[in-house]
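> sequence isn't available, so here's the structure alone:
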Ligand SMILES: [Ca+2]
Ligand SMILES: [Ca+2]
């Protein structure tokens, strides 16, 4: 290719040299002859070796001025994608977002394993009493129990009967007086009077409760206090002469009023043990410190606590 280009350029210069030589030769001949065209030159008639270097240089063309810039070419195709760059530095923490809506309730979990037994708790406060329940059915009759102790039973009672001579008061008349410092009444001496009749008790233990009331319905002037006294004995018979000191009980009143209306009263209870075979209970009354006779009454209540068997 390069050799062919050189040959074409060389042939061009040969043709130019031939034309120029012919023109020069005509001018030298002083004749006005017409120019010879290339078509008039036969092939291979003139070679470059037949032209001098100076002639060739004189025939060489000159470089012209720079031409105007050509039009901009069309936009090229887009290039291929470059390689991935290195990862950049981490950015700053963003602002806290708005709280989201409450989620739906989750499904119930599976039953867990049974735990260990815990320690016993503290005893709780006693609860409120419940309502009374219905009555239960009657139970089977139980065995007969042993004999209990004998109960207290009334075995005797007595009261002085009313006296019509003294407005039916429960009194006896003729209660004798005695010295203030005496031991009267005494069996076989100043025996006084009985306010209640003697009564018999079998062997056993008894409570004997007595009340006495003394009156000075005749308004005796004794010059001093008048004390009603009743003594009781356990005796072998109903006769006071069978009785012996000491007595089993005595009652003393305060001073008998002198208004011929009101009385002086006293009560007492004794525990009386009656020995085997039984005894009589005898009571007698006097007025110590008095003068003349007085009125008095009594009631007696006897209950048995135990028999003597
Ligand atoms: Ca008197
Ligand atoms: Ca008196």
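Looks like it came in fine. From a predicted model like this one, the values you see are computed outputs, not experimental measurements. Residues are numbered from 1 along each chain as shown. Ligands and ions are numbered 1, 2, ... in the order given.

> quick check: buried residues in the longest strand seen in the chain?
What stands out as the longest strand in the chain, according to DSSP state E, is strand 293-307. Within strand 293-307, the residues scored as buried using 16 or more other C-beta atoms under 10 Å are 293-305. (Each C-beta comes from the backbone N, C-alpha and C, glycine too.)

> from ligand 2, how far off is residue 94?
125 Å (C-beta to the ion, to the nearest Å).

> what's around that residue, how many residues?
6 (other C-beta atoms under 10 Å).

> what about residue 118, how many neighbours?
Neighbours of residue 118 using other C-beta under 10 Å come to 6.

> does it sit in a helix, a strand or a coil?
coil (DSSP: H, G, I helix; E, B strand; the rest coil).

> contacts only, for the spatially closest residue to residue 309 that is not a sequence neighbour.
Nearest non-adjacent residue to residue 309, counting by C-beta to C-beta, 6 or more residues apart in numbering: residue 203, 7.4 Å away. The contact partners of residue 203, by C-beta atoms under 8 Å, 6 or more residues apart in numbering, come to 274-278, 307-309.

> element containing residue 175, please.
Per DSSP states H and E, residue 175 falls inside strand 172-178.

> could I get the average pLDDT for stretch 261-281?
Average pLDDT, stretch 261-281: 97.

> same question for it: list its buried residues.
Those would be 263-266, 272, 274, 279-281, for stretch 261-281 by 16+ other C-beta under 10 Å.

> report whether that stretch contacts ligand 1.
No: taking C-beta under 5 Å from the ion as the criterion, stretch 261-281 and ligand 1 are apart, separated by no less than 10.6 Å.

> find the nearest non-adjacent residue to the closest residue to ligand 2 within the stretch 51-200 of the chain, please.
Closest approach between the stretch 51-200 of the chain and ligand 2, counting by C-beta to the ion: residue 177, at 11.3 Å. Nearest residue to residue 177, sequence neighbours excluded (C-beta to C-beta, 6+ apart): residue 290, at 3.5 Å.

> ok, that neighbour - contacts?
Counted by C-beta under 8 Å, 6+ apart, residue 290 has contacts 177-178, 216, 220, 222, 226-227, 256.

> farthest pair in the residues you listed?
178 and 216 (14.6 Å; C-beta to C-beta).

> of the two, give the one with the bigger neighbour count.
Neighbour totals were compared for residue 178 and residue 216, and residue 216 leads with 28 against 21 (other C-beta under 10 Å).

> what about the nearest residue to that one once chain neighbours are set aside, how many residues nearby?
Nearest non-adjacent residue to residue 216, counting by C-beta to C-beta, 6+ apart: residue 256, 4.8 Å away. By other C-beta under 10 Å, 27 other residues sit near residue 256.

> please verify my assumption that residue 256 contacts residue 229.
No: when contacts are counted by C-beta atoms under 8 Å, residue 256 is not listed as touching residue 229 (11.0 Å).

> need the overlap of contacts for these two.
With C-beta under 8 Å, 6+ apart as the test, residue 256 and residue 229 both reach residue 287.

> look at residue 254 and report its pLDDT.
You'll see residue 254 listed with a pLDDT of 98.

> so it sits in a strand?
Yes: the assignment for residue 254 is a strand, going by three-state DSSP.

> so who does it touch?
227, 264, 266.

> so the last one: helix, strand or coil?
Right, the one you point to is residue 266. Under three-state DSSP, residue 266 comes out as strand.

> break the chain into its domains for me.
2-59, 153-307 (automatic domain parsing).
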